[in-house]
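1. Curious how this folds, go ahead:
(2 chains)
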Amino acid sequence: MKIAIASGKGGTGKTTVATNLAFYLAGRGRKVIYADGDVEEPNGHLFLKPQWDKTVNVPVKIPLIDESLCDHCGLCSDICRYNALAVLPDKAMVFASLCHSCGGCYHICPRKAITEIDRTIGIMKSGTGSGVTAYEGRLNIGEAISPPVIKFLKGHLKKADFTIIDSPPGTSCPVIEAVRDADFVVLVTEPTPFGLHDLKLAVEMIRKLGLAFGVVVNRYGVGDDRVHDYCRDEGINILLEIPNDRKIAEACAAGNLIVETLPQYAAHFENLLQNILHARRTTGVRV
Amino acid sequence: MKIAVSSTGNSPDAAVDPRFGRAAYFIIYDTQTDQFVAIDNVQNLQAAQGAGVQAAQTVARQKVDVAISGNFGPKAFATLNAAGIKTALWAGGTVKDAIEQAKSGRLQFATRANVEGHWV
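-> This next block holds a predicted model:
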């Protein structure tokens, strides 16, 4: 079962929920993969502390223009909606950081002057930590386009009983790439006006994708009741409430897993699991 | 000599547009014929990215020798430079003022981009 942990707002506790759920499930004897898809700032490793066994480069395709074949007709530049090509009267230029690797220029070139070459934009690491098989995608500093790293990461995961995808925050392309084929999406939020605002955006996105989902309210006790009111009115399951407990904040700040250092919270993650399984059975969406 | 000036309007009386990639128009002036042509840059105004690259391509296809604007980003500068087009910074005043400045040979040409790129 593939569970994606996402949120609208950043800093709500995606990685806290993802790493603790992964660790909890592994402790119950399940084969678990934790995949850190928050490739612009992967931090699950801080908690699972994996021993990385393998690191591979993540490539994307970019055009290489053979000036000896190019007649500077400009068709490649015209078709590129990302403005990654400039065709001057006697020179063609590629701006690799703008390229989305669609291959349009390569296909349209009438003189076959364009070949596609690999460009490394990030890395993927894999290993084991805290009983969990861990993977991490990491976008290189200075790169702007992260979905290819997330796609590569997801394409290289082995089989497991549970695959936990730690997603980036927000509701744009990187998140869509991270959650799109999940069996269930957990949206982590906090009971604040900002948390609610971004939760609504995330719910809208997940509904458009037609995925089964539920909400985890983190730091329950701060803010107000509006997240709960919203979920009730929208018929959204609240899968888990994590109390606003200073001990949890201290454990996280020290890089510790809550389930390990505060065993009283293990039952919370069992509840989360049961609620996910129950919600999946009853929602009827992509089960 | 052909000169391209980023412009807020479609005539040489308009103010110089301080942005190159996302200028409203380019006024192309030919010193030999004393003629002006205005080129609409609307597609780049709405571009998500790469406006400087495409604006530079637009200007290069007009076979100009000099481009004048308030600011040039790194990709616009690289593209213009590759096309052999000199870039000069000129802020304030009208397109006509900028052209007079160029004709009198008082323009300072840039050797690198003067502003950072946006996003990427």
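2. what about residue A:122, distance to chain B?
-> 15 Å (CB to the nearest CB, to the nearest Å). Just so you know, the C-beta spots here come from the backbone N, C-alpha and C atoms, and that holds for glycine as well.
3. Report the spatially closest residue to residue A:221, excluding sequence-adjacent ones.
-> Ranked by CB to CB, 6 or more residues apart in numbering or on different chains and with sequence neighbours excluded, the top spatial neighbour of residue A:221 is residue A:244, at 3.9 Å.
4. For residue B:47, which three-state class applies?
-> coil (DSSP: H, G, I helix; E, B strand; the rest coil).
5. What are the buried residues along the one helix or strand residue A:121 maps to?
-> Using DSSP states H and E, residue A:121 sits in strand A:114-129. Within strand A:114-129, the residues scored as buried using 16 or more other CB atoms under 10 Å in any protein chain shown are A:114, A:119, A:121-127, A:129.
6. Please name every helix or strand in contact with it.
-> When contacts are defined as 3 or more CB pairs under 8 Å, 6 or more residues apart in numbering or on different chains; DSSP states H and E, strand A:114-129 packs onto strand A:51-65, helix A:104-108, strand A:132-139, helix A:147-155.
7. now do 6 Å
-> Secondary-structure packing of strand A:114-129 (3 or more CB pairs under 6 Å, 6 or more residues apart in numbering or on different chains; DSSP states H and E): strand A:51-65, helix A:104-108, strand A:132-139.
8. how far is it from where the chain is centred?
-> 16 Å (CA atoms, centre = their mean, to the nearest Å).
9. Which positions in chain B make contact with chain A?
-> B:47, B:49-50, B:53-54, B:57, B:60, B:75, B:79, B:82-83, B:120 (CB under 6 Å from any CB of the partner chain).
10. mind listing the helices in chain A by residue range?
-> A:14-27, A:45-48, A:75-79, A:104-108, A:147-155, A:173-179, A:193-209, A:226-234, A:246-253, A:258-261, A:266-283 (DSSP state H).
11. so for the last one, what's the average pLDDT?
-> When the per-residue pLDDT values of helix A:266-283 are averaged, the result is 91.
12. list the helices and strands that helix packs on?
-> Using 3+ CB pairs under 6 Å, 6+ apart: helix A:266-283 touches helix A:14-27, strand A:238-243.
13. cutoff 7 Å now
-> helix A:14-27, strand A:184-189, strand A:213-220, strand A:238-243 (3 or more CB pairs under 7 Å, 6 or more residues apart in numbering or on different chains; DSSP states H and E).
14. show me the residues around the residue of the stretch 51-200 of chain A at minimum distance from chain B that make contact.
-> For the stretch 51-200 of chain A, the residue closest to chain B is residue A:83, as judged by CB to the nearest CB, at 2.3 Å. Residue A:83 makes contacts with A:98, B:47, B:49-51, B:53-54, as judged by CB atoms under 7 Å, 6 or more residues apart in numbering or on different chains.
15. And the lowest mean pLDDT element among the helices and strands of chain B?
-> helix B:42-45 (a mean of 85; mean pLDDT, DSSP states H and E).
16. Off-centre distance for that helix?
-> On the basis of CA atoms, centre = their mean, helix B:42-45 sits 14 Å off its chain's mean C-alpha point.
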